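Colleague: Compute the structure for the input listed below.
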Amino acid sequence: MSELPAPAESIVLSLADGTEILVRRLGTQAGPRLALSHGNGLAIDGYFPFWRHFLARYDLVMFDLRNHGRNAVRPDLRHDWDVLTDDIVAIAGLIRRSFGDKKMTALVHSASSMASLNAMRRGARPWDALVAFDPPLFPPPDHALRPQAEREWASLVSRARRRPERYDDPAGLAQQFRRSSYMRRWVPEAFDLMARATLRRDPARGDWALACPRDFEARLFETNRDPGFFLEIGGLPGPLTVIGADPEQPDAKIPPLINRLLADRIDYRPIADSSHFLQIERPLECVAAVEDFLRTHRLGAD
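Modeller: Sure, this is the predicted structure:
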């Protein structure tokens with residue numbers, strides 16, 4: 001990842017169960033603070049086409065979820081939604097203690113957005129404002145979209161469990177991404193970036209392994225079935241926005257179809273011609289939506 005900017009500061013946060021989370025600080029420390037994290041099985045370095053546009057004016061703190069990206073894999077410890085929620089609260093607190101306490105807006109995608117929303121449902125306020133990118137909300141049992149959601153969730157679990165665990169080099173995974181219909185909208189540089197961000201070199205074997213084990217990825221997909229998020233999101237404290245994938249696409253999945261139903265309850269901003277990977281498909285449009293939200297709440301850079 002040599003083309004990525006070097007952090008001004010890096011710290012390792014030790015969580016209560018011994019998990020260590022690397023947090024990197026980039027951008028300008030005089031600017032408003034943005035905290036960034038990623039989706040299930042991914043890593044924040046792979047979102048560089050998106051977050052590079054904030055470097056000149058914002059104080060960026062970036063972290064991977066446990067067992068993802070640059071963090072060590074701990075198969076002996078829990079990996080579930082409850083512990084990820086606890087992690088978000090702890091990480092936000094440790095960031096404030098380590099880098100100074102100032103207002104912090106989270107730009108979080110999918111899994112990290114769900115953990116952040118769950119913390120808010122429990123009464124915590126890890127972030128002063130939340131930008132949730134395409135959170136994968138699950139519909140109630142009697143909802144018209146429930147059968148489609150059941151099929152899509154089952155497909156995600158199955159695909160995660162079938163993923164190759166090892167590659168000769170990141171180019172193999174990048175080529176797999178390029179061939180995937182799910183990823184056809186990615187900007188060209190994202191394929192190699194995300195492949196390198198989600199693999200870890202194994203010197204003992206001379207190859208590359210998934211940074212997030214496939215069983216961990218599958219477990220989160222399989223257990224993300226709480227309809228309470230969809231039912232309760234309108235009552236969560238703000239400032240809060242959902243920036244969603246395009247629900248009008250012929251291949252639109254459940255997250256954008258569910259998220260557009262929130263428009264009468266929360267601030268909702270869809271991104272045209274995008275899928276669940278919207279930040280690395282339409283980075284400039286996502287940046288513009290973030291900047292507008294920040295300006296609305298006087299949280300943006302001058």
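Colleague: C-alpha only now, for contacts and for neighbours.
Modeller: OK.
Colleague: Residue 122: neighbouring residues, count only.
Modeller: Counted with other Cα atoms under 10 Å, residues neighbouring residue 122 total 10.
Colleague: Next one: it from residue 236, what distance?
Modeller: Going from residue 122 to residue 236 by Cα to Cα, to the nearest Å gives 10 Å.
Colleague: Also residue 118?
Modeller: Distance from residue 118 to residue 236, by Cα to Cα: 10 Å.
Colleague: Then residue 109?
Modeller: In this structure, residue 109 and residue 236 are 18 Å apart, going by Cα to Cα.
Colleague: repeat for residue 136
Modeller: 17 Å.
Colleague: Compare these two and say which one has the larger neighbour count.
Modeller: Each of residue 136 and residue 236 has its neighbours counted (other Cα under 10 Å); residue 136 has more, 27 against 16.
Colleague: Now that one: closest residue in space, sequence neighbours ignored.
Modeller: Nearest non-adjacent residue to residue 136, counting by Cα to Cα, 6 or more residues apart in numbering: residue 255, 4.7 Å away.
Colleague: Surely the one you found is in a strand?
Modeller: No: read with DSSP: H, G, I helix; E, B strand; the rest coil, residue 255 is helix and lies in no strand.
Colleague: surely it meets residue 137?
Modeller: Yes: proximity of residue 255 to residue 137 meets the contact threshold set by Cα atoms under 8 Å, at 6.1 Å.
Colleague: Contacts only, for the residue nearest to residue 167 when sequence neighbours are not counted.
Modeller: Of all residues not flanking residue 167 in the chain, residue 208 sits nearest, at 5.1 Å (Cα to Cα, 6+ apart). Taking Cα atoms under 8 Å, 6 or more residues apart in numbering, we find residue 208 in contact with 166, 167, 168, 169, 170, 199, 200, 201, 202.
Colleague: Name the SS class of residue 208, please.
Modeller: Following three-state DSSP, residue 208 is assigned to strand.
Colleague: separation between it and residue 180?
Modeller: Distance from residue 208 to residue 180, by Cα to Cα: 20 Å.
Colleague: cool, and residue 280?
Modeller: 15 Å.
Colleague: and if you look at residue 100?
Modeller: 42 Å.
Colleague: hmm, back to that, pairing partners for the residue nearest to residue 167 in the sheet, please.
Modeller: residue 167, residue 201 (DSSP bridges).
Colleague: and residue 131, backbone torsions?
Modeller: Per-residue torsions, residue 131: phi -110, psi 110 (degrees, to the nearest 10).
Colleague: Verify the stated contact: it with residue 244.
Modeller: No: with contact defined as Cα under 8 Å, residue 131 does not count as touching residue 244 (10.2 Å).
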